[in-house]
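Undergrad: Got a sequence here, can you build the structure:
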Amino acid sequence: MRLKIMLLIAAFLIADVCLVCAQSSDSTRSGQRNQDLFDIRPGHSLEGQMLFEQRCTTCHGNSNSTVRAPDRATLLKLTPEAVYSALETGPMVFQAKTLTEPQKRGIAEFLGGRRLGATEAGDAKHMPNQCATNLAMTDSSMRKGWNGWGADTGNSRFQEASVAGLSSDQVPKLKLKWAFGFPYGVETYGQPTVVGGRVFVGTDTSFVYSIDSVTGCVYWSYQAAAGVRTAISVGPIRGQGNARYAVYFGDLRSNVYALDAATGHLLWKTQVEGHLLARLTGSPTLYAGRLYVPVSSSEEATSVNVLYPCCTFRGSVVALNANNGRQIWKTYMIPEQPQPLRKNSLGTQQWAPAGAPVWVAPTIDAKRHVLYVGTGDAYTEPAATNSDAVVALDLDSGKQMWSYQAIRDDAYMAGCTFANRSENCPKHLGPDYDFASSPILRTLPDGRQILVAAHKGGIVLGLDPDKKGALLWKVALSEKPPTFSGLIIFGGAADQKNVYYALQNADVTPNNGPNGILAVQLLDGKRAWFSPVEPMKIQGEPIRSGASAAITAISGVAFSGGWDGTLRAFATRSGSLIWSYDTAQQFKTVNGVPAKGGSMGAPGPTIAGGMMFVTSGYIGVRNGLPGNVLLAFTPR
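TA: Below you'll find the predicted structure:
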């Protein structure tokens, strides 16, 4: 294995290539901008990817190139340190001379799949707060906690009082108990899982940590092949030696892992999708001995490049045996395989259909024996019928039971605008209204069930699971359609009466209304209340308004983290603000790692055993404040 890696690095370093190519006249002729797409911010791998596509693919990954250069698949096997070394001090210095330091890091971290320099510093063995003992996890300790993305298989993100151990009266008394820093971290997009007195959390540095929930001491760490964005699920495992419980998660290279929950040792690892740009953003859902894995992609950010053979990725859901990682079934959201269509003016082959990524954790309906997912937009025209849709699949076979498409003809590519088009861009550019949040399955007071789903366009749907997703009600949360950045992103939380959503109005106008949190009645879709939120002003920083992070609810309270870095708690009866905490600050950590909080953009807080856990720091697509900290709160 070591020899293989050395050969790959050698091929990368000695090839007579133009890793950072001069701006091509062909690219200019095709309508692409003649300057860098972004001034790369430290740690922003998406922008690193887009810069790589603009500046590097003339030689790397271009089937028409006559230059002897490693292809994309080869480069994606390198470590970020190897790529950065080639750009900074190796044979690529001349080609990289126009790149800034953050741009070099961005390209290296995109290709390497993780943060530079994190391997040594991130290992728990080097931390001063290692736990003195490692008590075995038991059946009784597994019963209460926050396990996976949505706290329950219906993805309600509502924690019952008996498990939460936190009442609405105690929320105003919440104080910081401890903070844990992630070495070299930039974005805290992993959501904490709380099981058996432990907190399990994944990081952008590709580490997964097991931490004591009360003291913050660290039990173990494990470094995956790429960043871990998914929430973690914990459950029993069989046939793996002495391991009784496993930790399950996915990474940004479409790998799924099972680790021994007690020790962090790898039990199995499975790659669920071979597409080079596939990734696991939505969290796998563990149910009845199976792991249901949603598969998404970053191809949408690549496909605008006329040197890229757009587009071949299709979103899917994969069912794995939780004991050994073997695939049971796989269902593509677009059943048809992509076919060659035409070649563009540079001779690059174009393909279709493509798109419909699954960004969300699957929702389990045990009564009807199906699972539900929301899908994203299409990448090619005409848009597939399962794009921007809620899709129901049979749990046993993966067979599609029904589909409700909310937005038709939504073919979209990041980087395409009405003023700036490449040949790869759809002729009729869609609004980019993905279902970026999991459908929520709830039971109404009369015993009927409802499936609630919301997409980025700010539309909330109430669907009837007994009638193949028939529409019960539909409500728009904004008078004016939002921009492509969306109004509702990572989702809401629902108690027995309402569903709660945070809004991010990128274009705040009198017609759109302010940013805030809104309650919608489950019974009929009518608005119960709206609570506007004024963003906190941070000295030296632009105002960051709105919220895209997932909502979390307990009895009487809904929690929302904002782009301004403030975590807020609202009374669910009235919408009044009852508590807030500024996470965008420096923290003294239990593991001695310099840490700070920032914007809160993806995961929501998790609550169990009288404590609340939340990560802080998110860049996303709105230039959020980076951060690298896990915070633990308690009223005691």
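Undergrad: show me where pLDDT drops low in the stretch 501-636 of the chain?
TA: Within the stretch 501-636 of the chain, the segments meeting pLDDT under 70 span 506-513.
Undergrad: and if we set it to 90?
TA: For the stretch 501-636 of the chain, the stretches flagged by pLDDT under 90 are 504-515, 537-543, 545, 620-623, 636.
Undergrad: ditto for the stretch 351-500 of the chain
TA: The stretch 351-500 of the chain contains residues with pLDDT under 90 at 414-424, 478-486.
Undergrad: Wait, a helix at residue 73?
TA: Yes - under DSSP: H, G, I helix; E, B strand; the rest coil, residue 73 sits within a helix.
Undergrad: list the contacts for it?
TA: Listed by C-beta atoms under 8 Å, 6 or more residues apart in numbering, the contact set of residue 73 reads residue 276. Bear in mind the C-beta positions are built from the backbone N, C-alpha and C, glycine included.
Undergrad: List the buried residues of stretch 275-291.
TA: For stretch 275-291, a neighbour-count test (16 or more other C-beta atoms under 10 Å) marks 276-287, 290-291 as buried.
Undergrad: roughly how far is it from the heart of the chain?
TA: Offset of stretch 275-291 from its chain centre (C-alpha atoms, centre = their mean, to the nearest Å): 11 Å.
Undergrad: again with stretch 339-347
TA: Distance of stretch 339-347 from the chain centroid (C-alpha atoms, centre = their mean) equals 32 Å.
Undergrad: Span of it from start to end?
TA: Taking C-alpha to C-alpha, to the nearest Å, stretch 339-347 runs 16 Å from one end to the other.
Undergrad: What of stretch 517-531?
TA: Stretch 517-531 has an end-to-end distance of 5 Å (C-alpha to C-alpha).
Undergrad: Any buried residues in that stretch, and which?
TA: 517, 518, 519, 520, 522, 523, 525, 528, 529, 531.
Undergrad: how deep is the closest residue in space to residue 210 that isn't next to it in sequence tucked in, by neighbour count?
TA: Nearest non-adjacent residue to residue 210, counting by C-beta to C-beta, 6 or more residues apart in numbering: residue 219, 4.1 Å away. By the criterion of other C-beta atoms under 10 Å, residue 219 has 21 neighbours.
Undergrad: For the host helix or strand of residue 219, name the packing helices and strands.
TA: Using DSSP states H and E, residue 219 sits in strand 218-223. Packing partners of strand 218-223 (3 or more C-beta pairs under 8 Å, 6 or more residues apart in numbering; DSSP states H and E): helix 118-122, strand 207-212.
Undergrad: Residue 180 is nearest to which of those?
TA: With C-beta to C-beta as the measure, strand 207-212 is the member of these nearest residue 180 (6.0 Å).
Undergrad: same for the closest one, what does it pack against?
TA: Applying 3+ C-beta pairs under 8 Å, 6+ apart, one finds that strand 207-212 contacts strand 198-202, strand 218-223, strand 245-250.
Undergrad: what packs against the first one?
TA: With contacts defined as 3+ C-beta pairs under 8 Å, 6+ apart, the secondary structure elements packing on strand 198-202 are strand 193-195, strand 207-212, strand 629-634.
Undergrad: rerun at 7 Å
TA: If you count contacts as 3 or more C-beta pairs under 7 Å, 6 or more residues apart in numbering; DSSP states H and E, strand 198-202 packs onto strand 207-212.
Undergrad: quick one, what contacts residue 573?
TA: Residues in contact with residue 573 (C-beta atoms under 7 Å, 6 or more residues apart in numbering) are residue 556.
Undergrad: if you compare the helices and strands packed on strand 218-223, which one is most tucked away?
TA: With neighbours defined as mean count of other C-beta atoms under 10 Å, those peak in mean count at strand 207-212, which reaches a mean of 25.
Undergrad: quick one: strands adjacent to that strand?
TA: Sheet pairing for strand 207-212, assigned by DSSP bridges, gives strand 198-202 (antiparallel), strand 218-223 (antiparallel).
Undergrad: Mind putting the helices and strands packed on strand 207-212 into CSV with mean pLDDT and distance to residue 434?
TA: Below are these laid out as CSV (pLDDT from 0 to 100; distance: least, C-beta to C-beta, whole Å):
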stretch, mean pLDDT, distance to residue 434
strand 198-202, 98, 22
strand 218-223, 98, 30
strand 245-250, 98, 18
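Undergrad: Including distance to residue 403, could those strands go into CSV?
TA: Listed next are the helices and strands packed on strand 207-212 as CSV, based on distance: least, C-beta to C-beta, whole Å:
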stretch, distance to residue 403
strand 198-202, 31
strand 218-223, 37
strand 245-250, 24
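Undergrad: quick one, helices of this structure?
TA: For the chain, applying DSSP state H gives helices covering 2-14, 25-29, 45-55, 72-75, 80-88, 101-112, 118-122, 161-164.
Undergrad: Low-confidence regions, the stretch 151-300 of the chain specifically.
TA: Scanning the stretch 151-300 of the chain for pLDDT under 90 picks out 300.
Undergrad: which residues in it form strands?
TA: All strands of the stretch 151-300 of the chain, identified by DSSP state E, counting those that start in this stretch, fall at 158-159, 175-181, 193-195, 198-202, 207-212, 218-223, 233-236, 245-250, 255-260, 266-271, 278-279, 285-287, 290-297.
Undergrad: Same list as before, those strands that is, but in a markdown table and with distance to residue 475 included.
TA: Below are the strands of the stretch 151-300 of the chain laid out as a markdown table (distance: least, C-beta to C-beta, whole Å):
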| stretch | distance to residue 475 |
| --- | --- |
| strand 158-159 | 20 |
| strand 175-181 | 37 |
| strand 193-195 | 32 |
| strand 198-202 | 34 |
| strand 207-212 | 38 |
| strand 218-223 | 43 |
| strand 233-236 | 32 |
| strand 245-250 | 33 |
| strand 255-260 | 36 |
| strand 266-271 | 40 |
| strand 278-279 | 32 |
| strand 285-287 | 27 |
| strand 290-297 | 26 |
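Undergrad: So which of the ones you listed is nearest residue 469?
TA: strand 290-297 (18.2 Å).
Undergrad: orientation of the closest one relative to strand 266-271 in degrees?
TA: Angle between the axes of strand 290-297 and strand 266-271 is 50 degrees (criterion: axes from the mean of the first three to the mean of the last three C-alpha atoms, to 10 degrees).
Undergrad: Quickly run through the sheet partners of strand 290-297, with directions.
TA: Partners of strand 290-297 in the sheet, by DSSP bridges, are strand 278-279 (antiparallel), strand 285-287 (antiparallel), strand 316-321 (antiparallel).
Undergrad: Residue 88 - how many residues pack around it?
TA: Residue 88 has 15 nearby residues by other C-beta under 10 Å.
Undergrad: Surely it is in contact with residue 104?
TA: Yes - between residue 88 and residue 104 there is a contact at 6.3 Å, judged by C-beta atoms under 7 Å.
Undergrad: one step back: let me know which of the helices and strands packed on strand 218-223 is the nearest to residue 165.
TA: Residue 165 lies closest, by C-beta to C-beta, to one member of the helices and strands packed on strand 218-223: strand 207-212, at 16.5 Å.
Undergrad: Show residues contacting that closest one.
TA: Contacts for strand 207-212 (C-beta under 7 Å, 6+ apart): 118, 122, 124, 131, 180, 197-202, 218-224, 228, 232, 247, 249, 264.
Undergrad: are any of those residues buried, and which?
TA: The neighbour-count criterion (16+ other C-beta under 10 Å) marks 118, 122, 124, 131, 180, 198-202, 218-224, 228, 232, 247, 249, 264 among those as buried.
Undergrad: Show me this protein divided up by domain.
TA: When the chain is parsed with automatic domain parsing, its domains come out as 2-112, 121-634.
Undergrad: Pick the most deeply packed of those.
TA: With neighbours taken as mean count of other C-beta under 10 Å, the domains of the chain reach their highest mean count in domain 121-634, at a mean of 21.
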